[in-house]
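[1] below is the sequence, then the predicted model.
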Amino acid sequence: MEGYFIAISISVLIYLLMASGLALQYGFTGLVNFGHVGFFAIGSYTSALLALKGVPIPVSLAAATALAALAAYPLGMISLRLGGDYLAIVTLGFSEAVRMTLQTEEWLTRGMHGLPGIPRLFAGWVDPRMIDFCIFLLLLAVCAVVFLLIHHIIRSPFGRVIEAIRDNEVAVRALGKNPAQFKTRSLMIGAGIAGLAGGLQAHYLTFISPEQYVPLITFYIWIALVLGGVGSLRGVVIGTVLLVGFLEGSRFLRDVFTGVSEVQLASVRIWIIGMALICVVLYRPQGLFGKSSRRSN
């Protein structure tokens, strides 16, 4: 049971890293990114491929973060000059293009066969029975550093500008600022965080394949963001814990309802999440722990 709890906690922390990047993009900048999982996939495969070539894991993770951030730059420069709706469309198409590339370029990614044998974090450094716990501690530390970084960003002059862009972009333009530059930087930082999360997941699972990076993952992150509260770091944490805790914990419902098949149970879980999201949007649109003004915590 202890091992299962650690595994769930690791999943929560990986999702939390992704959600923090999206929170910076949407909650504090107003960028609608429907392709967040694409940057997650880039980070996973970059770190995995480099590590399989013998590159040290810390260097692989740094490269994964950098490449994911750089991948966001052209998207930002193209779509942010046209309007927010275009960013949503472009990022969704981008994530699917990344997934299709991972499927088809077998010479690099092995396609649908996936990448096995990825070097695991702490392997050879600690007792094998303690590896998962060490990964949990590492992820906890990384999440703490990332949240401190985001908190510093939103309290800085840069953060005040992106919040102003979120609230009234026309006024920011009138003050002589270029919103496209600030939004592109915010998009790149959030994408880099997603890439780091992907790299950490790859070295935790030691096997990745393209079907792990479907758009549903992005929308899970969006659900966590909306449930917890947009524009609130505390809301990001609570929303992610509630969502992933329910997704993983509800697997035990099959032990209670023995006559329900796995497919039926999956449908019920999605229905419950959907109804919860509808109720939150109707009765508390700012989220469970968000503020009506959408200001940061």
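    Looks like it came in fine.
[2] quick one: the helices in the stretch 151-297 of the chain, in order.
    With helices called from DSSP state H, counting those that start in this stretch, the stretch 151-297 of the chain shows them at 157-167, 169-174, 179-205, 215-228, 233-249, 253-256, 262-283.
[3] highest mean neighbour count out of the ones you listed?
    helix 179-205 (a mean of 25; mean count of other CB atoms under 10 Å). For the C-beta atoms, the positions are set from N, CA and C on the backbone; glycine is no exception.
[4] on contacts alone, who are the packing partners of it?
    Judged by 3 or more CB pairs under 8 Å, 6 or more residues apart in numbering; DSSP states H and E, the packing partners of helix 179-205 are helix 2-22, helix 36-52, helix 57-79, helix 131-155, helix 157-167, helix 169-174.
[5] ranking the ones you listed by mean pLDDT, which is last?
    Looking at the helices and strands packed on helix 179-205, the lowest mean pLDDT belongs to helix 169-174 (a mean of 87).
[6] residues contacting V59?
    When contacts are counted by CB atoms under 8 Å, 6 or more residues apart in numbering, V59 touches L50.
[7] and if we set it to 10 Å?
    V59 makes contact with S47, L50, A51 under the criterion CB atoms under 10 Å, 6 or more residues apart in numbering.
[8] from M188, how far out is the second one?
    Using CB to CB, to the nearest Å, L50 is found at 20 Å from M188.
[9] likewise L92?
    Noted for L92: a distance of 18 Å to M188, by CB to CB.
[10] before we move on, back to that, which one of the helices of the stretch 151-297 of the chain lies nearest to L24?
    Taking CB to CB, helix 179-205 is the member of the helices of the stretch 151-297 of the chain nearest to L24, at 4.8 Å.
[11] which pLDDT value belongs to L247?
    Model confidence at L247, given as pLDDT, is 78.
[12] grab the nearest non-local neighbour of it.
    Ranked by CB to CB, 6 or more residues apart in numbering and with sequence neighbours excluded, the top spatial neighbour of L247 is R269, at 6.9 Å.
[13] quick check, that neighbour in contact with M275.
    No. In this structure, R269 is not within contact of M275 by CB atoms under 10 Å, at 11.0 Å.
[14] got the contact list for A41?
    Here A41 is in contact with 35, 68, 95, 98-99, 101-102, 109, 194-195, 198, 202, 208, 210, 212-214, 217 (criterion: CB under 10 Å, 6+ apart).
[15] can you check S186 too?
    With contacts defined as CB under 10 Å, 6+ apart, the neighbours of S186 are 21, 24-26, 28-31, 33, 72, 76, 80, 153, 158-159, 161-162, 165-166.
[16] check the residue lying closest to it once chain neighbours are set aside and give its pLDDT.
    The spatial neighbour of S186 that comes closest, neighbours along the chain excluded (CB to CB, 6+ apart), is T29 at 4.2 Å. For T29, the model assigns a pLDDT of 89.
[17] now swap in the one 4 residues further on and tell me
    At N33, the pLDDT value in this model is 91.
[18] can you offset everything so residue one is 27?
    In the new count, where the first residue is 27, that last one comes out as N59.
[19] let's verify it: helix, strand, or coil?
    What DSSP: H, G, I helix; E, B strand; the rest coil gives for N59 is coil.
[20] would you mind measuring from it to A95?
    For N59, the distance to A95 equals 13 Å [CB to CB].
[21] quick one: which of these two has more around it?
    Using other CB atoms under 10 Å as the criterion, N59 and A95 rank with N59 on top: 30 against 23.
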